[in-house]
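Student: mind folding the following:
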Amino acid sequence: MKSTTVRRTTLAIAVTAALTGVAACGAGGTSGGSGKEGKAAGRGVTHVSPLAALRLAAASTDKADSARVDMTVSMGSLMSMKGSGAFAWGDTLSGAMTLTYTGGTVADAMRATGTTSMRARYLSDAYYARMSDQFAQQAGGKHWIRYGYDDIARLGGGSGAYLKDQMQNNTPNQSVKLLLASGDVKKAGEEQVLGRHTTHYHGTVNVAALAARTSRTLSASQLADIKKQLSRSGITTETVDLWVDDENLLVKKSETADTRNGTLTTTASYRDYGVEVSVMAPPKSDTLDFKALAASRGAGAGAGAS
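Tutor: Predicted coordinates for the structure are as follows:
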């Protein structure tokens, strides 16, 4: 495999693992609750405090099974991307998405591999990215790249451990919990979103404190490393907007943060709660482990993943 192709491909997939992992797995989600009980609770959303309303939305998520997700991600001149798929959550998060890069240097890097679109699968122990036929021709005939979360943690230092923690443990309502953790929540109005009446909530999150508040498994030293990474990225705060419908279901979320690479903006919308989601690992015969790519260009390959 040509070194330039490996370099570009690894960069693209590393950025994909970081950004889509955070955007998709950390995306605000909702419950599949419905019926009279959900509607009765939902009618009270606009008559309680914003914090209480979001607690209802967060609690309903604990009973959720799955949902379809549509999202967009942009980060300065580095990338713009859109994705669509479905996720299920329970003990672990699993799902599948189709990701299309629409601009930026990551799209250019992907284009060099023969496509700007790829399929992604999220399982309990790894993230998989399906590359192009052109890539496969230079990778021993293998189309899929496997990112083991343990490998991401080892290669990415504290930030890699944080990414592993988020991809394995985040439920789709993390934006709700994120805003609750901030303590800075305001009702911003009532709007029609995707044909549903919603209440709009807005707040600001201290990103450096977020890792400590949402992490289940990171050590103090890993959390300190994360704060250093966030500082180097220039991120200090993140604004979050959530739209919750009358059944306590999150219809849409938007998050924005300034980084040294430009403004990072993610949006996601949610529908079809309870949809069936079945995700399996790709055939081993068609899968190349990320460690092999990292070894082909040196141990530093994984550092860019965060």
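Student: which SSE is immediately downstream of the helix or strand hosting residue 107?
Tutor: In the assignment (DSSP states H and E), residue 107 maps to helix 104-111. Downstream of helix 104-111, the first helix or strand assigned by DSSP H and E is strand 117-122.
Student: average model confidence for that next one?
Tutor: For strand 117-122, mean pLDDT is 90.
Student: got the contact list for residue 241?
Tutor: When contacts are counted by C-beta atoms under 8 Å, 6 or more residues apart in numbering, residue 241 touches 188, 200-202, 253-255. Bear in mind the C-beta positions are built from the backbone N, C-alpha and C, glycine included.
Student: by neighbour count, which of those wins?
Tutor: Ranked by neighbour count (other C-beta atoms under 10 Å), those have residue 253 at the top, with 29 neighbours.
Student: what lines up beside the helix or strand encompassing that one in the sheet?
Tutor: Using DSSP H and E, residue 253 maps to strand 250-259. The pairing partners recorded for strand 250-259 under DSSP bridges are strand 237-245 (antiparallel), strand 262-271 (antiparallel).
Student: ok, which of these comes nearest residue 105?
Tutor: For residue 105, the closest of the strands paired with strand 250-259 is strand 262-271, at 11.1 Å, according to C-beta to C-beta.
Student: how about the strands in the stretch 151-300 of the chain?
Tutor: With DSSP state E, counting those that start in this stretch as the criterion, the stretch 151-300 of the chain has strands at 185-193, 196-206, 237-245, 250-259, 262-271, 287-289.
Student: quick one: the strand holding residue 253 to strand 185-193, angle?
Tutor: Angle of strand 250-259 versus strand 185-193, following axes from the mean of the first three to the mean of the last three C-alpha atoms, to 10 degrees, is 120 degrees.
Student: hang on, the earlier thing: counting contacts, what elements does the helix holding residue 107 pack onto?
Tutor: helix 3-20, strand 79-89 (3 or more C-beta pairs under 8 Å, 6 or more residues apart in numbering; DSSP states H and E).
Student: least confident of those, on average?
Tutor: helix 3-20 - the lowest mean pLDDT of the helices and strands packed on helix 104-111, at a mean of 43.
Student: quick one on the thing from earlier: for residue 79, find the nearest of the strands of the stretch 151-300 of the chain.
Tutor: Closest of these to residue 79 is strand 262-271, at 9.4 Å (criterion: C-beta to C-beta).
Student: buried ones in the closest one?
Tutor: Buried residues in strand 262-271, counted by 16 or more other C-beta atoms under 10 Å: 264-271.
Student: quick check, nearest of those residues to residue 73?
Tutor: residue 266 (5.0 Å).
Student: hang on, residue 70 packs against residue 268?
Tutor: Yes - contact criterion C-beta atoms under 8 Å: residue 70 and residue 268 qualify, at 6.8 Å.
Student: between these two, what contacts are shared?
Tutor: Common contact partners of residue 70 and residue 268 (C-beta under 8 Å, 6+ apart): none.
Student: residue 288 pairs with what?
Tutor: residue 145.
Student: how many residues are close by it?
Tutor: Look at residue 288: counted by other C-beta under 10 Å, it has 19 neighbours.
Student: just the one 5 residues further on next, same as before
Tutor: Taking other C-beta under 10 Å as the neighbour definition, residue 293 ends up with a count of 22.
Student: so where's the chain uncertain?
Tutor: Within the chain, the segments meeting pLDDT under 70 span 1-47, 61-62, 155-172, 210-218, 222-223, 226, 229-230, 232-233, 296-306.
Student: sorry, back to before: a markdown table for the strands paired with strand 250-259, including distance to residue 231?
Tutor: Listed next are these as a markdown table, based on distance: least, C-beta to C-beta, whole Å:
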| stretch | distance to residue 231 |
| --- | --- |
| strand 237-245 | 12 |
| strand 262-271 | 15 |
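Student: got the contact list for the nearest residue to residue 140 once chain neighbours are set aside?
Tutor: In space, and not counting its chain neighbours, residue 140 is closest to residue 288: 7.0 Å by C-beta to C-beta, 6 or more residues apart in numbering. By C-beta under 8 Å, 6+ apart, residue 288 lies in contact with 139-140, 142, 144-146.
Student: just the buried residues from the residues you listed, in PyMOL please.
Tutor: Remark: buried members of the contacts of residue 288, expressed as a PyMOL selection using 16+ other C-beta under 10 Å:
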select buried, resi 139+142+144+145+146
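Student: mind picking the two most distant members of the contacts of residue 288?
Tutor: Spatially, the most separated pair among the contacts of residue 288 is 140 and 146, at 13.8 Å (C-beta to C-beta).
Student: residue 80 is nearest to which of the strands of the stretch 151-300 of the chain?
Tutor: Set against residue 80 and scored by C-beta to C-beta, the strands of the stretch 151-300 of the chain come closest in strand 262-271, at 9.2 Å.
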